[in-house]
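# Could you look at this predicted model? Sequence included:
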Amino acid sequence: MNIALIAHNNKKRLMENFCLAYSHILAKHTLFATGTTGSLVEASTNLPINKYLAGHLGGLEQLGAQISSNDIDLVIFLRDPQSTNEPSINTMLYLCDTYNIPLASNLATAEILIHGLDSGSLDWRNMAR
């Protein structure tokens, strides 16, 4: 499955730790990430990451295009609720809702989705493509 990883600046360390903890699951899938997040996760986990541009330089738009093309199966967007950059999460919510893509916006939901991915509960996405 194709998994997108995005994290606001204050959540990048949390994303690194999440990916380290679940690297055994993530290693079975194709990973995509916005530039800075992807570089940090790749350096700390040694997982191969397909990197977009940095989010503010067009990476979120690149990801949005992949979602619109039904090329992403799961989005983990660890967002900072105190961030003033709300258009980014609103766009991701809109696209994921429109194209029926599971999206986690916090650690608790990300863990539920990653366990569902590991158990096969998200295999229906293979048929959606």
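Ah, there it is. Numbering: from 1, shown residues only.

# C-alpha only now, for contacts and for neighbours.
Will do.

# doesn't Arg79 make contact with Ala104?
No - contact between Ala104 and Arg79 fails when scored by C-alpha atoms under 8 Å: they sit 9.3 Å apart.

# lowest average confidence, helix or strand, in the chain?
helix 124-128 (a mean of 79; mean pLDDT, DSSP states H and E).

# C-alpha coordinates for that one, PDB please?
The C-alpha trace of helix 124-128 is given here as PDB (Å, rounded to 0.1, in the frame of the first residue of the first chain):
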ATOM      1  CA  TRP A 124     -10.100  -3.200   0.700                       C
ATOM      2  CA  ARG A 125      -8.000  -0.300  -0.600                       C
ATOM      3  CA  ASN A 126      -6.400  -2.800  -3.000                       C
ATOM      4  CA  MET A 127      -9.800  -3.300  -4.700                       C
ATOM      5  CA  ALA A 128     -10.500   0.500  -4.700                       C
END
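
# For it, buried residues please.
By 16 or more other C-alpha atoms under 10 Å, the buried positions in helix 124-128 come out as Arg125.
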